[in-house]
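Colleague: Let me see the structure of the following:
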Amino acid sequence: MFCIVTRIDMHAEQGINPGERKMAVRDAGKLGEQQQRQERAGLGYIRAIADHAFSRAASAPLVGGNQVRLLKDAQENYPAWRDAIRAAKHHVHFENYIIYDDEIGRSLAHELIAKAREGIHVRLIYDWLGCFGKASSNFWNHLRAGGVEVRCYNPPHLDSPFGWLSRDHRKTIAIDSNIGFISGLCVGSRWLGNPKKNIQPWRDTGVEVRGNVVAQLERAFAHIWEMLGEPIPASEQLCSSNQADAGQMNLRIVAGLPEMAGMLRLDLLISSMARKRLWLTDAYFAGTSTYVEALKSAARDGVDVRLLLPSGTDIPILKPLSRAGYRPLLVAGVRIFEWNGTMLHAKTSVADGNWARVGSTNLNLASWFGNCELDAVIEDAAFASEMEAMYLDDLANATEVVLNNANKVRAPGAPRHAPRGLNSGGGSIGRAAAGTLRLSNTIGAAFTNHRVLETAEGKIVSIAGAALLCLAIFFVFFPRFLAYPVSLVCAWIALTLLYRGYRLHRERRRSLASDRKAEEPQ
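Modeller: Below you'll find the model as predicted:
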């Protein structure tokens with residue numbers, strides 16, 4: 001507009017009459033409006049491109065007409081779950097990584113059995129490894145006897161030696177195609193803490209969703225259910241496509257499957273597109289080199305990148321392993337905070353006050369590539385603002401990790417010992433996986449020189465080298481301790497492959513026989 005006004009003034013000095021001047025002003029106004037329309041069209045085009053990119057990256061379309069309620073910790077999540085289950089009229093689909101056979105787990109079982117006895121279809125999926133040692137077979141049999149259909153994800157099989165690497169890490173509920181819950185919470189008393197023993201609740205986050213998107217949540221549950229046995233009968237599935245809008249919010253349901261890495265692709269897009277703020281909360285951070293570089297690049301570009309991570313751990317060796325990855329992030333300008341409470345178990349993101357994610361996916365390879373995960377991605381300014389406010393409240397109970405004068409990582413004033421309540425817990429598997437990823441990343445870098453090792457990783461490399469040397473010496477004097485396990489694993493894998501080959505060959509013969517029978521004249 002500055003150039004346009006200047007041009008008008010120049011014509012005035014050359015003796016343009018008032019009528020011509022008005023015409024020039026009107027033309028300038030039209031040109032300004034046209035420019036604004038072009039800018040709006042350009043922004044609309046960019047938004048459409050971003051929407052397509054998000055949808056394709058995560059295989060999750062943007063769904064409108066929803067209502068989302070933010071639920072903080074077990075004190076808000078568990079009562080909301082209970083009330084929704086009690087109000088169910090048609091079906092309850094419950095999927096969770098860990099369900100403890102404790103006061104909270106038995107209370108949930110009581111609610112589900114009560115609905116099943118009313119004639120409501122109640123289905124439950126739990127993960128074998130997640131619940132191993134947490135709930136006995138008697139607990140699941142009690143649910144089945146009460147009318148609840150229970151299926152276990154990926155129990156060990158002789159014909160699948162490495163099947164245990166894939167886990168169902170989701171924490172979701174879908175009820176009557178009307179209301180759903182997505183969260184990072186498992187089912188157990190530790191999420192509520194124990195005030196009598198001065199044990200604080202675990203910090204976690206979930207959402208309640210209503211509207212059209214619940215159909216996406218139910219489809220995700222039905223997919224896993226069918227992987228484990230007979231599918232849900234079509235006659236029992238409610239049609240939610242014709243329901244009235246429950247609200248104005250737009251969101252996606254990102255239902256991650258092993259090796260798909262949809263959430264990783266979306267996380268990388270968000271880290272690349274964030275312009276002002278990218279605030280992350282994660283329980284078991286062990287980002288890939290690609291994701292770490294994306295965070296570093298965003299921070300160098302002026303984006304306020306923050307990571308809120310747990311301080312306490314029930315596996316002491318994992319703390320130095322986790323902190324070994326802090327230094328390059330801190331040098332690049334990423335701010336890292338450690339939670340001062342018992343355990344931080346939430347998995348959330350919020351970017352630029354417009355985009356937010358809540359769900360089960362941790363920022364590590366196990367979640368991105370190995371597990372079944374599920375997250376709600378909400379594109380709504382009001383909800384994102386609520387998430388940012390909650391994040392700032394959390395930072396009030398966290399200690400910022402900084403580099404001292406010697407460029408060493410330290411957390412001034414952080415607790416020296418793990419908080420009470422972390423002697424053992426459901427998160428130990430996740431922490432072990434994250435620590436193993438960090439360890440393998442460091443050792444791999446030491447062998448391949450694909451990146452410069454940080455000074456903080458020197459201790460890890462030395463310990464790993466000493467351990468391998470001790471193993472080498474031990475196996476020299478006692479070779480059978482190496483030969484027998486290797487022979488057993490090789491034989492197991494060989495028998496598995498032969499069995500799988502036999503089954504495939506048999507299925508092929510049956511298929512050919514069926515085709516020949518169909519071709520025979522009737």
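Colleague: What ranges does the stretch 151-300 of the chain have for its helices?
Modeller: Chain-ordered helices for the stretch 151-300 of the chain, with DSSP state H, counting those that start in this stretch as the definition, fall at 214-227, 262-273, 289-300.
Colleague: need the helices for the stretch 351-500 of the chain, in chain order.
Modeller: For the stretch 351-500 of the chain, the helices defined by DSSP H, counting those that start in this stretch cover 365, 381-395, 428-448, 458-477, 480-519.
Colleague: is it true that residue 300 touches residue 331?
Modeller: No. Counting by Cβ atoms under 8 Å, residue 300 does not reach residue 331; the two are 9.9 Å apart. All C-beta spots, glycine's among them, are computed from the backbone N, C-alpha and C.
Colleague: quick one on the thing from earlier: mean neighbour count, the helices of the stretch 351-500 of the chain: which tops it?
Modeller: Between these, the one whose residues have the most neighbours on average, counting mean count of other Cβ atoms under 10 Å, is helix 365 (a mean of 21).
Colleague: pLDDT-wise, which helix or strand of the protein ranks last?
Modeller: Across the helices and strands of the chain, mean confidence by mean pLDDT, DSSP states H and E is lowest for helix 2-13: a mean of 37.
Colleague: quick one: low-confidence ranges for the stretch 401-522 of the chain?
Modeller: Counting by pLDDT under 70, the stretch 401-522 of the chain contains low-confidence ranges at 405-460, 521-522.
Colleague: hmm, I was thinking of the chain
Modeller: Applying pLDDT under 70 to the chain flags the ranges 1-47, 161, 237-244, 313-322, 405-460, 521-522.
Colleague: quick one, phi psi at residue 246?
Modeller: Residue 246 has phi and psi values of phi -90, psi -20 when expressed as degrees, to the nearest 10.
Colleague: Spatially, which residue comes closest to it, not counting chain neighbours?
Modeller: The shortest distance from residue 246 to any residue that is not its chain neighbour, by Cβ to Cβ, 6 or more residues apart in numbering, is 3.4 Å, and that residue is residue 211.
Colleague: Quick check: buried residues in stretch 223-234?
Modeller: For stretch 223-234, the buried set under the neighbour-count rule, 16 or more other Cβ atoms under 10 Å, comprises 224, 225, 232.
Colleague: same question, stretch 162-175
Modeller: Residues of stretch 162-175 classed as buried: 166, 167, 168, 169, 170, 171, 172, 173, 174, 175 (neighbour count, 16+ other Cβ under 10 Å).
Colleague: which among the residues you listed gets closest to residue 397?
Modeller: residue 171 (23.0 Å; Cβ to Cβ).
Colleague: re the thing from before, now, the buried residues of stretch 162-175 that are in strands?
Modeller: Counting by DSSP state E, the part of the buried residues of stretch 162-175 found in strands is 167, 168, 171, 172, 173, 174, 175.
Colleague: Can you lay out those as CSV showing distance to residue 83?
Modeller: Formatted as CSV, the entries for those read as follows, by distance: Cβ to Cβ, whole Å:
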residue, distance to residue 83
167, 29
168, 25
171, 18
172, 17
173, 12
174, 15
175, 10
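Colleague: Looking at these, which is nearest residue 398?
Modeller: Taking Cβ to Cβ as the measure, residue 398 lies nearest residue 171 of those, at 23.3 Å.
Colleague: ok, now which ones touch the residue sitting nearest the centre point of the chain?
Modeller: For the chain, the residue sitting closest to the mean C-alpha position, by Cα atoms, centre = their mean, is residue 361 at 1.4 Å. Under the criterion of Cβ atoms under 8 Å, 6 or more residues apart in numbering, the contact list for residue 361 reads 169, 254, 256, 263, 347, 367, 368, 373, 374, 375.
Colleague: make it 7 Å
Modeller: Residue 361 makes contact with 256, 263, 347, 367, 373, 375, according to Cβ atoms under 7 Å, 6 or more residues apart in numbering.
Colleague: Would you mind measuring from the closest residue to the third one other than its chain neighbours to residue 392?
Modeller: If you skip the residues right next to it in sequence, residue 347 has residue 184 as its closest partner in space, 4.8 Å away by Cβ to Cβ, 6+ apart. Distance of residue 184 to residue 392, given as Cβ to Cβ, to the nearest Å: 19 Å.
Colleague: Over to residue 186?
Modeller: Counting by Cβ to Cβ, the gap from residue 186 to residue 392 is 26 Å.
Colleague: Tally up the residues packed near residue 113, please.
Modeller: Residue neighbour count, defined by other Cβ atoms under 10 Å, stands at 18 for residue 113.
Colleague: and residue 117, what does it touch?
Modeller: The neighbourhood of residue 117, defined by Cβ under 7 Å, 6+ apart, consists of 146, 147.
Colleague: if we can go back for a sec, doesn't residue 344 make contact with the residue nearest to residue 347?
Modeller: No. In terms of Cβ atoms under 7 Å, residue 184 does not count as a neighbour of residue 344; the distance is 9.8 Å.
Colleague: The closest residue to residue 101 other than its chain neighbours: neighbouring residues, count only.
Modeller: In space, and not counting its chain neighbours, residue 101 is closest to residue 135: 4.0 Å by Cβ to Cβ, 6+ apart. The tally of other residues near residue 135 (other Cβ under 10 Å) stands at 23.
Colleague: Equivalent analysis for residue 307, please.
Modeller: With other Cβ under 10 Å as criterion, residue 307 counts 22.
Colleague: Now it: which helix or strand?
Modeller: Using DSSP states H and E, residue 307 sits within strand 304-310.
Colleague: how's this structure carved up into domains?
Modeller: For the chain, automatic domain parsing gives the domain ranges 2-58, 63-403, 478-522.
Colleague: now the second one, how far from the chain's geometric center?
Modeller: The reference is to domain 63-403. For domain 63-403, the distance from its own C-alpha centre to the chain's C-alpha centre is 6 Å (Cα atoms, centre = their mean, to the nearest Å).
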